[in-house]
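>>> 3D, please:
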Amino acid sequence: MFASCDDDHENVLPETDENVLPDSNLENSKELNFHLKVKQTSMSIFERMEFEFNPNEGHAYNELNSTYDSIEWHVDTKGKMNIFSHGYDDGVAWSHTTWTWSHNFFLPGKFNTFLIGYKDDNKFYSDTTVIDITNDRDFLAYRWSDIKGSIGQGMGYHTQLPNKQDFTTYQDKHDDVPCVTLNIADDNQIYEHFFLDFMKELYSDPDYTLEAEELLMEKYNELFHYKKEDASPTNIWITSNSRIALLKCYVERYDYTYYEVYAEPNK
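Okay, here's the model as predicted:
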């Protein structure tokens, strides 16, 4: 979710190195008339982080047009997003500015985030803000004690970086047992290997897999309170707080197979 001022023009980006990071040897002597504001610098994975682009006090917005060709927001080498660009079409001036935006980090770690202003062949860096993303909740950004039941809709999680996947979660209770289901937002591309790789990054290798299918099914039936109809586990993780299953789900009516992650408390 972001707020922007846009005259229906495509973002104009100079050709830049995707792996650019601030370097004190690069030119950055221009007086920057903007800065990056972050509401909180430490949050959990899957929590929404809010960013804001501000011209410095005493500088007017129109100074950006005369000072920079474009401005980008960067997160380490993970990706970038254009937040300011301008130009002319058939002699008519246009500009695009994103003032505020939200972003979800899906993996824990410390990330350097900063702005780069471009003018001709020069780059001018803002100060770097270090973002600390933790993974110490019960499951993703959830605490089991906070789940009182279904909220009637899914919760979406969005990244502003290109070529990154968005997620949706659904919370519920079955016989007073809280649970969370994790889906990919684009349900046309839900692949087992994507979830498997993602969960390995969060929780290491699964404790039970299809390599020992009989044991996998035994543990699934023993450990999980709720069993989704027409779904079977392919992998199970046991953490100190959660029991997590990667499920293969089948919709007979449409002859359609998809994958999702299902979690309950480990108690």
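>>> residue ranges for the strands of the stretch 51-200 of the chain, please.
Secondary structure of the stretch 51-200 of the chain by DSSP state E, counting those that start in this stretch: the strands cover 70-75, 79-89, 92-104, 109-119, 122-125, 129-134, 155-157, 167-174, 177-184.
>>> between those strands, which one is nearest to residue 199?
Checking the strands of the stretch 51-200 of the chain against residue 199 by C-beta to C-beta gives strand 177-184 as the closest, at 9.0 Å. For the C-beta atoms, the positions are set from N, CA and C on the backbone; glycine is no exception.
>>> what comes into contact with the helix or strand containing residue 213?
Secondary-structure assignment from DSSP states H and E places residue 213 in helix 213-223. Here helix 213-223 makes contact (C-beta atoms under 8 Å, 6 or more residues apart in numbering) with 207-210, 227, 232-236, 238, 243, 245.
>>> can you list the residues you listed in JSON lines and add neighbour count and distance to residue 252?
Converted to JSON lines, these look like this (neighbours: other C-beta atoms under 10 Å; distance: C-beta to C-beta, whole Å):
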{"residue": "207", "neighbour count": "17", "distance to residue 252": "30"}
{"residue": "208", "neighbour count": "21", "distance to residue 252": "26"}
{"residue": "209", "neighbour count": "16", "distance to residue 252": "26"}
{"residue": "210", "neighbour count": "13", "distance to residue 252": "21"}
{"residue": "227", "neighbour count": "14", "distance to residue 252": "17"}
{"residue": "232", "neighbour count": "16", "distance to residue 252": "14"}
{"residue": "233", "neighbour count": "25", "distance to residue 252": "19"}
{"residue": "234", "neighbour count": "18", "distance to residue 252": "19"}
{"residue": "235", "neighbour count": "23", "distance to residue 252": "23"}
{"residue": "236", "neighbour count": "21", "distance to residue 252": "24"}
{"residue": "238", "neighbour count": "15", "distance to residue 252": "31"}
{"residue": "243", "neighbour count": "23", "distance to residue 252": "27"}
{"residue": "245", "neighbour count": "26", "distance to residue 252": "21"}
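>>> thinking again about what came up before, would you mark the buried spots in the helix holding residue 213?
Residues of helix 213-223 classed as buried: 216, 219, 220, 223 (neighbour count, 16 or more other C-beta atoms under 10 Å).
>>> What's the separation between the second one and residue 198?
As for residue 219, its distance to residue 198 is 21 Å (criterion: C-beta to C-beta, to the nearest Å).
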